[in-house]
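Novice: sequence unknown, structure follows:
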């Protein structure tokens, strides 16, 4: 296990990683997009099975062991990142939000 501080070249680091623990939202999505199995406190991103408390070395060890044991998790998280967190997905959600907000005004016109 290697704990990294600030990293300039995130893609290069993720290319070498077998699994990751990321406390932040952006870092979690970056790892998912790179196909790296990731444990994170953000259950909305990684799902309940891989989410973990923000603190706790036993929980971290448990999740990392799960990630290293099941090699299908990395590609599955990558698919989820592409589907749910891509620029196209963001545009679609933002468009739907605008449509919902503007619908009453359009109906009244």
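Specialist: Structure's in. What do you need? Remember, it's a predicted structure, so these values are computed and weren't measured experimentally. Numbering: from 1, shown residues only.
Novice: roughly how far apart are residue 39 and residue 88?
Specialist: 27 Å (Cβ to Cβ, to the nearest Å). In short, each C-beta sits where N, CA and C put it, glycine included.
Novice: what about these two, which has more around it?
Specialist: residue 39 (26 against 9; other Cβ atoms under 10 Å).
Novice: So what are the sheet partners of the helix or strand harbouring that one and their directions?
Specialist: Assigned by DSSP states H and E, residue 39 belongs to strand 38-39. Using DSSP bridges, the strands paired with strand 38-39 are strand 20-21 (parallel).
Novice: can you pull the contacts of the residue nearest to residue 63 when sequence neighbours are not counted?
Specialist: Spatially, and ignoring its direct neighbours in sequence, residue 63 is nearest to residue 39 (3.5 Å; Cβ to Cβ, 6 or more residues apart in numbering). By Cβ atoms under 8 Å, 6 or more residues apart in numbering, the contact set of residue 39 is 19-22, 46, 50-52, 60, 63-64, 66-67.
Novice: same deal with residue 45?
Specialist: 25, 28, 29, 32, 85.
Novice: ok, for the first one, nearest residue in space, not its chain neighbours?
Specialist: Setting aside the residues directly before and after it, residue 25 is nearest to residue 42 in space (Cβ to Cβ, 6+ apart), at 5.8 Å.
Novice: Give me the distance from stretch 39-51 to the chain's centre.
Specialist: 8 Å (Cα atoms, centre = their mean, to the nearest Å).
Novice: My error: substitute stretch 29-43 in the last question.
Specialist: Chain-centre distance of stretch 29-43: 4 Å, with Cα atoms, centre = their mean.
Novice: and the end-to-end length of it?
Specialist: End-to-end span of stretch 29-43 (Cα to Cα, to the nearest Å): 12 Å.
Novice: Helices along the chain, start to end?
Specialist: Assigned by DSSP state H, the chain shows helices spanning 10-16, 25-33, 43-46, 57-69, 73-84, 87-108.
Novice: give me the number of residues near residue 79?
Specialist: 12.
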